[in-house]
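> with the sequence up front, the predicted model follows.
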Amino acid sequence: MTMVTNRVVNDWVKEMAEMTKPDDIVWLDGSKEQLEQIKRIALETGEMIELNQEKLPGCLYYRTNPKDVARDEKRTVICTTKKEDAGPTNNWVAPDEMYAKLRGLFDGSMKGRTMYAIPFSMGVPGTEFAKIGIELTDSIYVVLSMAIMTRVGQEVIDELNAGADFTRCLHSKAQINEQEKYIAHFPEDNTIWSINSAYGGNVLLGKKCLALRIGSYLGRQEGWMAEHMLILKIENEAGEAKYVCGAFPSACGKTNLAMLTPPEYFRKKGYKVSTVGDDISWLRIGSDGRLYAVNPENGFFGVAPGTNEKSNPNALRTTHKNTIFTNVARNLDDNTVWWEKLDNDPPENGEDWQGRPWNGKTSSEKGAHPNSRFTAPAENCPTIADEFFTGEGVPISAIIFGGRRAKAEPLVYEARDWNHGVFMGSAMASETTAAANGKVGVVRHDPMAMLPFCGYNMADYFQHWIDMGKKMTNPPKIFHVNWFRTDENDEFLWPGFGDNLRVLLWMLDRCDGKADAAETPLGYEPKAEDIDVTGLDISPEKIEKLLKVDKEAWKEEVKGIEEFYSQFPWLPKEVRDSFDKLKSEVEKM
Ligand code: SAT
Ligand code: MN
């Protein structure tokens, strides 16, 4: 391995090591041999557990501290010189103050440990989209996870030695003291410091911290977008490919949609769905005036519970080798893993996510934590698209916004134009999930699914969307979906999963000018007969219910949006105008 010769890099690593005082520093070269060696250390210390190597080759098991099981939004801060640059939806601390506090916490935090230096790329190195980072960490779990989730190694070192800029990422698990946990972003310095956590979203700093918070900040400066979006490729019977992006809050089915299995009727006709990404998109305008997207990640950090042969067989396949399982239940008889809804055969002789003896057949307690995860290489995915590997960007026909909403939100509607679509994204709300600490099932506004991930003022972010629209001659159409609407008995009205393709196909027909639609106060809706339900047992009345725009419910929605907007001293005029129009149209219903 060639050494890192870039002085800026070496000075920074030296400074961080002087503060954190590790026993030694190990640079990652991305080789299998080195990772294997590091893994052995984690197995020896008991930090990680090797699973059944016949059934789950290369797979490891990891447990976090029971108080450290999800992203922590309260402890996540954006440190900009001016408070208004972080905006009303972010926690803000002045950079000097935060650095001072964190220097105190990082002082000696790696004593007795090794500091690993991970050179990584988000995006395929050398492509227009790619960005480089270095994460310094004292956690082997982070090392092995980053080796799955990002592209680590020599190519990145070569770029650094050629003088490439990089995001400075520092992580120490320290004592996992929740009182002193911070995930701090310094966008003006291209720097992230995270301490006292060992849970994925807080510590795999390439993911939410770099690819979304710092990424969105850089995107605004440099004229591109970093979004919390999956990327899906859909091929029709003639083999023509189209690509869509979808923004949904955490744990609302992005991974399932990204790996969708078409219903049999469409499969037989020759439809094919492949996966480009399941969580993050970086988007740039191409020379043809269209919007192009890449997935900057190299793996999936997916929610385990609910993943099964029916809901997502592709995700299940993806996790059968070289995967790290976090906070799921263990089957001690054959040293494999289990989680709720995996199958109807929970282990009798098991261990729950906290390592306590657990009989899944008789216990009323959950075996896996609701936010337990798999960290799996994208290359394992049976439906991974070729375009994932080139990192060149795929042209996006449609952008989908969606949330988890029992009431009010119809199955699908289309924005009248880009600006109206930006409004729709800004007004999005969803029921909270176990992906973040806090109450579950409460409706909260989550614009573009970016509320926890936007690295700057959200009003500026809406403006950036509007500005990007002005630069595109052929922008994607924008849609809103809700797979989670329920009836009077709280039963889901729509089957979801693979059948979501039926809704996607209506959207793509709209993009081609081939499908009909009706005007509603929300935008264009399909008529019940416009959605192809061949092979699905669903009554036209149910579809009507799914599409219904209820005046009383929408009067409440309008109030909720108004209240959410009230925290912003200003909003783009285009967003305000769309809101005013919605409000008056709902009144007129
Ligand atoms: O824990 S992560 O932030 O990486 C996943 C998510 O919440 O979307
Ligand atoms: Mn996510």
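Great, that's in hand. Ligands and ions are numbered 1, 2, ... in the order given.
> find the closest residue to ligand 1 in the stretch 101-250 of the chain.
In the stretch 101-250 of the chain, the residue that lies nearest ligand 1 is Gly201 (2.5 Å; Cβ to the nearest ligand atom). Where C-beta positions appear, they are placed from N, C-alpha and C, glycine not excepted.
> that residue and ligand 2, how far apart?
Taking Cβ to the ion, to the nearest Å as the measure, Gly201 falls 8 Å from ligand 2.
> mind checking the SS state of that residue?
helix (DSSP: H, G, I helix; E, B strand; the rest coil).
> nearest residue to it other than its sequence neighbours?
Arg71 (3.8 Å; Cβ to Cβ, 6 or more residues apart in numbering).
> could you tell me how far the one you found is located from ligand 2?
Counting by Cβ to the ion, the gap from Arg71 to ligand 2 is 9 Å.
> quick thing: my sequence starts at 54, can you match it?
Fine by me, first position is 54 from now on; the one you just mentioned is Arg124.
> dig out what that residue forms beta bridges with.
Note on Arg124: beta-bridge partners Ala489, judged by DSSP bridges.
> for it, report the pLDDT, please.
What the model reports for Arg124 is a pLDDT of 96.
> cool, the one 10 residues further on as well?
Thr134 carries a pLDDT score of 98 in this model.
> same question for Met54.
58.
> in space, what's closest to the residue of the stretch 504-642 of the chain found nearest ligand 2 - neighbours in sequence excluded?
Residue nearest to ligand 2 within the stretch 504-642 of the chain: Phe506 (7.8 Å; Cβ to the ion). Leaving out its chain neighbours, the residue that sits closest to Phe506 by Cβ to Cβ, 6+ apart is Leu265, at 3.8 Å.
> Arg343 reaches Met521, doesn't it?
No. If you go by Cβ atoms under 8 Å, Arg343 and Met521 don't touch, sitting 11.9 Å apart.
> who has more neighbours, these two?
Shown here are Arg343 and Met521; by other Cβ atoms under 10 Å, Met521 has more neighbours (21 against 17).
> is it true that Val475 touches Val628?
Yes. Between Val475 and Val628 there is a contact at 6.3 Å, judged by Cβ under 8 Å.
> overlap of the contact sets of those two?
Shared contacts of Val475 and Val628 (Cβ atoms under 8 Å, 6 or more residues apart in numbering): Phe515, Ile519.
> which of the two has more neighbours?
In terms of neighbours (other Cβ under 10 Å), Val475 is the more surrounded of Val475 and Val628; the figures are 28 against 25.
> A helix includes the more buried one, no?
Yes. Under three-state DSSP, Val475 falls within a helix.
> and the nearest residue to it once chain neighbours are set aside, how many neighbours does it have?
Excluding its sequence neighbours, the residue lying closest to Val475 (Cβ to Cβ, 6+ apart) is Trp518, at 4.5 Å. Neighbourhood size, Trp518 [other Cβ under 10 Å]: 23.
> what about Trp518, helix or strand, and which?
helix 511-524 (DSSP states H and E).
> what does that helix rub up against?
138, 140-143, 269, 272-273, 276, 278, 338, 344, 471-472, 475, 478-479, 500-501, 503-504, 507, 528, 621-625, 627-628.
> got the buried residues for stretch 436-449?
For stretch 436-449, a neighbour-count test (16 or more other Cβ atoms under 10 Å) marks Thr436, Ile437, Ala438, Glu440, Phe441, Gly444, Gly446, Val447, Ile449 as buried.
> can you tell me how far the residue nearest to Met101 when sequence neighbours are not counted sits from ligand 2?
Residue nearest to Met101 in three dimensions, not counting chain neighbours: Ala95, with 4.2 Å by Cβ to Cβ, 6+ apart. Distance, Ala95 to ligand 2, by Cβ to the ion: 25 Å.
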